[in-house]
Structure formats: structure tokens, C-alpha cells
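# here's my sequence, what's the structure:
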Amino acid sequence: MADRVIGQLRDLRKEMYPGLNTLMVAANAVSQAEFPIAMKALDGALAYLQDKFLPVSRAEEFTLFIAVDGVTGAVDSCQVMKAQHTSIMRMTGDLAQAVEAAKTDGDIAAYAKYLHPLLYGLYAFVRAHLESEDDVYLPLLDSALSESQVGVLVDNITRVASGSAAPR
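Numbering: from 1, shown residues only. Below you'll find the model as predicted:
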């Protein structure tokens with residue numbers, strides 16, 4: 001079924017998907033690349049998570065999830081997604097610690113046993129999370145909101161996300 005009014009929101013969310021590749025590139029670099037290249041790939045993965053994914057996730061909690069609550073008539077109907085945001089944030093913190101330790105020691109290989117599960121796990125978790133939100137929340141909102149309401153939602157997500165990049 002085609003979108004009725006949700007196109008702007010779907011387009012905004014599509015911007016989240018290409019960054020997933022940074023996680024796979026970093027995982028491959030941990031095993032195969034020289035130290036400076038691997039570190040650059042790891043920094044790229046962290047930048048995606050800390051500067052793009054997590055700020056948008058926080059913005060969703062104050063915008064998208066409130067809209068879903070309004071449509072469903074239920075308070076905190078998105079608690080599972082909020083819990084997933086928290087888990088992804090914690091995993092990102094774990095990844096940042098492992099990357100920092102590898103930088104300090106100048107040895108990626110010694111930390112591969114930590115980096116690989118985090119990178120592959122984050123890829124799978126973030127992808128499944130995004131797809132779940134898109135498959136459930138977007139059609140729900142599309143059936144209930146007007147185009148102008150979607151525009152306000154997109155503007156608010158963008159505004160809130162731009163002011164909430166994770167501290168480094």
C-alpha cells in the first residue's frame with residue numbers, strides 16, 4: 001500500500017539506513033586493515049551512532065512516540081522501542097570504550113574479540129529496530145495524521161535531533 005501522507009517522515013528515516021554500512025566496514029577493518037585505516041573506520045561507526053542514530057532516537061522519544069501514543073490512545077505505547085534505544089546507547093558506550101582502549105594500546109587485534117560482537121550486534125540490532133519502527137509506526141501514523149501534522153513531526157524530529165548529539 002502506498003503512503004498517504006507519511007512520505008516526508010519516511011524520507012527522513014531513510015537517511016538512517018546508509019550509516020549502518022559504517023558498522024560493517026568497521027567490523028571488516030578490525031580484521032583486515034592496518035591500524036590507521038581500522039581506527040578511521042571505527043571512528044566512522046561511532047560517528048554514525050553518536051551523531052546520527054542516537055540523537056534521532058532521542059528525538060523520536062519526544063516526537064514520534066508521542067504521536068503514536070496519541071493515535072493509539074495509550075500512554076507509553078512505545079516503551080519497548082525506548083528500551084531498545086537505551087540498549088543501543090549502552091552498546092555504543094561499550095563500543096566507544098573498546099575503541100578508546102585499542103587506540104591507547106595501538107593494537108586493534110587485541111580488542112577484536114570485543115569489537116566484532118559489538119559491531120555486528122549493533123548492525124543487526126539497529127537495522128531490526130529501524131525496520132520495526134518503519135513497518136509498524138509509519139503505517140499507523142499514515143492512517144491517522146494529516147500531511148501538515150507529519151510536516152510538524154518531521155520538523156520537530158530534525159530540530160530536537162540537531163540539538164542532542166551525544167557528548168564525546
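# spatially central residue in this protein, please.
residue 53 (3.0 Å; C-alpha atoms, centre = their mean).
# show me the contacts for it.
Shown in contact with residue 53 (C-beta atoms under 8 Å, 6 or more residues apart in numbering): 16, 19, 88, 126. The way it works is simple: take the backbone N, C-alpha and C, and place the C-beta from them, glycine included.
# neighbours of the nearest residue to the second one once chain neighbours are set aside, how many?
What it means is residue 19. Excluding its sequence neighbours, the residue lying closest to residue 19 (C-beta to C-beta, 6 or more residues apart in numbering) is residue 48, at 3.7 Å. If you count neighbours by other C-beta atoms under 10 Å, residue 48 ends up with 22.
# counting neighbours, what do you get for residue 59?
When neighbours are counted by other C-beta under 10 Å, residue 59 registers 20.
# wait, it sits on residue 153?
No. At 10.1 Å, residue 59 does not count as touching residue 153 under the criterion of C-beta atoms under 8 Å.
# quick check: buried residues in stretch 62-78?
For stretch 62-78, the neighbour count (16 or more other C-beta atoms under 10 Å) marks 63-68, 77-78 as buried.
# max pairwise distance over the residues you listed: which two?
Using C-beta to C-beta, the two most remote members of the buried residues of stretch 62-78 are 63 and 77, lying 14.2 Å apart.
# so which of the contacts of residue 53 belong to helices?
88, 126 (DSSP state H).
# quick one: neighbours of residue 93, just the number.
Neighbours of residue 93 using other C-beta under 10 Å come to 13.
# measure how far stretch 146-166 is from the centre of its chain, please.
Here the centre of stretch 146-166 is set off from its chain's centre by 15 Å, with C-alpha atoms, centre = their mean, to the nearest Å.
# pull the residues that contact that stretch.
By C-beta under 8 Å, 6+ apart, the residues outside stretch 146-166 that reach it are 5-9, 12, 49-51, 54-56, 58-60, 62-64, 67, 92, 141, 145.
# now with 6 Å?
Contact partners of stretch 146-166, identified using C-beta atoms under 6 Å, 6 or more residues apart in numbering, comprise 5-6, 8-9, 12, 50-51, 54-56, 58-59, 62-63, 67.
# now residue 123: how far from residue 42?
For residue 123, the distance to residue 42 equals 13 Å [C-beta to C-beta, to the nearest Å].
# settle it for me: which of the two has more neighbours?
When residue 123 and residue 42 are compared for neighbours, residue 42 comes out ahead with 29 against 18, by other C-beta under 10 Å.
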